[in-house]
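Engineer: Fold the following.
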Amino acid sequence: MNDKGIYIKNIYYMLAYAFQVLCQKNYREIASEEFQDVQDLFAAILARGIAQQLKQGLYRTYRTKREEFSVLRGKLCINGTIHNQMQRKKVLSCEYDELSVNNLFNQILKTTAWILIREPAVLPKYRADLKKVMLFFDEVEEADAMRIRWDMLRYQRNNRNYEMLMNICYFVLNGMLQTTENGSYKMTAFSDEHMYKLYERFVLAYYKKHHTYLNEVKAARVKWNLSTETAESMICFLPVMQTDVFLRYQEKVLIIDTKYYGKTMQSKFNKLSFHSQNMYQIFSYVKNQDAAGTGNVAGVLLYAKTQEAVTPDSSFVIGGNPISVKTLDLNQEFSFIAAQLDKIAEDYFGVQQSAIQNFL
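Structural biologist: Next up, the predicted model:
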């Protein structure tokens, strides 16, 4: 019931925090199911999500169509009409816009659903659920899974419900697919790259949900502590310092940088040490945020725990600022994960959290 050392159910909880739509009533039964593989989880979520979307109506966009009519419809296509006249056809060539479900959003849904349906590793009951909802997608074409322009997706009031579904599809198509020699697709394990993005978004969403006493909870940018003389001339050459999680309570700030690696420690000449680049990064965030040198800014490198025998759990005071390196064990009951996250904030801010709300 785990994938790469993580309970599958915890992946669902992480998705639920990242995409709050999963907390709606029609998804809650998924939380009680036991999944053997992550593709079963994605298939179950996708089947429920598409079924709900069918009740509300599939998203439609205008598509331009060209047809021939005896009377004008839309706008006249001159070249086509002249061609018809030359062939003695008494019809007009017209172009008009028509609402259609055959758009990129629904094409992605259909493509992902059919890849999961064709995947032998997905349990029959989840494949059957997907087949049922696919009966309503006859007018929708499939897309090339490897050529989908994810940057073309734009969300507004009429398609806001698609955002979570599109992210599930992205996890499947970009994080779990490999192309075989004959051009077909096969499923692989959920990639670390995509798990990292989910892990980062989950930690931020958790603090937003449960630590409401905080004055700020966001993914903030840290400004470089530059002298006035050099600020304008040098700032354009410096990299952006984008934090994963930025927490503020009164005058104190805690910066958390989430890390999801196969190995949490680096080894050189048989000596284990923390990843040097990560240490430099969190130290730079903290010292530039604490430009006045108050000592009220702390940093945490929060690694997802791996199967390694040695995992980091250390705290230091460097240059007057607290720096910690910790691990979050995702291969345990979710209540323990919540307790670990709470303790990080409580230890620094000194605010005791009451019992965790029943989120799911």
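Engineer: Just list what the strand or helix carrying residue 110 packs against, helices and strands only.
Structural biologist: Residue 110 belongs to helix 104-118 when assigned by DSSP states H and E. Counting contacts by 3 or more Cβ pairs under 8 Å, 6 or more residues apart in numbering; DSSP states H and E, helix 104-118 packs against helix 38-56, helix 124-134, helix 162-175. (C-beta placed from N, C-alpha, C; glycine too.)
Engineer: Worst mean pLDDT among the ones you listed?
Structural biologist: The weakest mean pLDDT among the helices and strands packed on helix 104-118 belongs to helix 162-175, with a mean of 89.
Engineer: Tell me what angle it forms with helix 104-118.
Structural biologist: Put simply, helix 162-175 runs at 50 degrees to helix 104-118, going by axes from the mean of the first three to the mean of the last three Cα atoms, to 10 degrees.
Engineer: Now residue 93: which helix or strand?
Structural biologist: strand 92-100.
Engineer: distance between that strand and the chain's centre?
Structural biologist: 37 Å (Cα atoms, centre = their mean, to the nearest Å).
Engineer: Let me see the mean pLDDT of it.
Structural biologist: Computed over strand 92-100, the average pLDDT equals 85.
Engineer: Point out where the stretch 251-360 of the chain drops to low pLDDT.
Structural biologist: 265, 269, 306-310, 353-360 (pLDDT under 70).
Engineer: Where do the strands of it begin and end?
Structural biologist: 252-259, 265-268, 271-274, 297-304, 314-318, 321-328 (DSSP state E, counting those that start in this stretch).
Engineer: Determine which stretch of the ones you listed is the most buried.
Structural biologist: strand 297-304 (a mean of 24; mean count of other Cβ atoms under 10 Å).
Engineer: Now do that one: which elements does it pack against?
Structural biologist: helix 192-210, strand 252-259, helix 276-289, strand 321-328, helix 334-349.
Engineer: Give me whichever of these is most buried.
Structural biologist: With a mean of 22, the top stretch among the helices and strands packed on strand 297-304 by mean neighbour count (mean count of other Cβ under 10 Å) is strand 252-259.
Engineer: Return the angle between stretch directions for that one and helix 334-349.
Structural biologist: 140 degrees.
Engineer: residues making contact with strand 252-259?
Structural biologist: Outside strand 252-259, the residues within contact range by Cβ atoms under 8 Å, 6 or more residues apart in numbering are 196, 199-200, 203, 222, 243-248, 275, 278, 281-282, 285-286, 289-290, 296-304, 344-345, 348-349.
Engineer: and the angle from that strand to helix 276-289?
Structural biologist: In terms of direction (the same axes, to 10 degrees), strand 252-259 departs from helix 276-289 by 160 degrees.
Engineer: Quick check: phi and psi on residue 217?
Structural biologist: Main-chain torsions, residue 217, degrees, to the nearest 10: phi -140, psi 110.
Engineer: okay but it is in contact with residue 244, surely?
Structural biologist: No. With contact defined as Cβ atoms under 8 Å, residue 217 does not count as touching residue 244 (11.7 Å).
Engineer: overlap in contacts of the two?
Structural biologist: Shared contacts of residue 217 and residue 244, counting by Cβ under 8 Å, 6+ apart, come down to residue 204.
Engineer: okay, now the residue nearest to residue 218 when sequence neighbours are not counted: neighbour count?
Structural biologist: Among residues not flanking residue 218 along the chain, residue 246 sits closest, at 5.4 Å (Cβ to Cβ, 6 or more residues apart in numbering). For residue 246, the count of nearby residues is 22 (other Cβ atoms under 10 Å).
Engineer: by contact count, what packs against the host helix or strand of residue 246?
Structural biologist: Here residue 246, judged by DSSP H and E, is contained in strand 245-249. Using 3+ Cβ pairs under 8 Å, 6+ apart, the elements in contact with strand 245-249 are helix 192-210, strand 216-218, strand 252-259, helix 334-349.
Engineer: Could you dump those into CSV and include distance to residue 22?
Structural biologist: CSV is the format used below for the helices and strands packed on strand 245-249 (distance: least, Cβ to Cβ, whole Å):
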stretch, distance to residue 22
helix 192-210, 11
strand 216-218, 20
strand 252-259, 20
helix 334-349, 14
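Engineer: Residue 66: which of those is closest?
Structural biologist: When the helices and strands packed on strand 245-249 are compared by Cβ to Cβ, helix 192-210 sits nearest residue 66, at 40.4 Å.
Engineer: packing partners for that closest one?
Structural biologist: helix 8-18, helix 162-175, strand 216-218, strand 245-249, strand 252-259, strand 297-304, helix 334-349.
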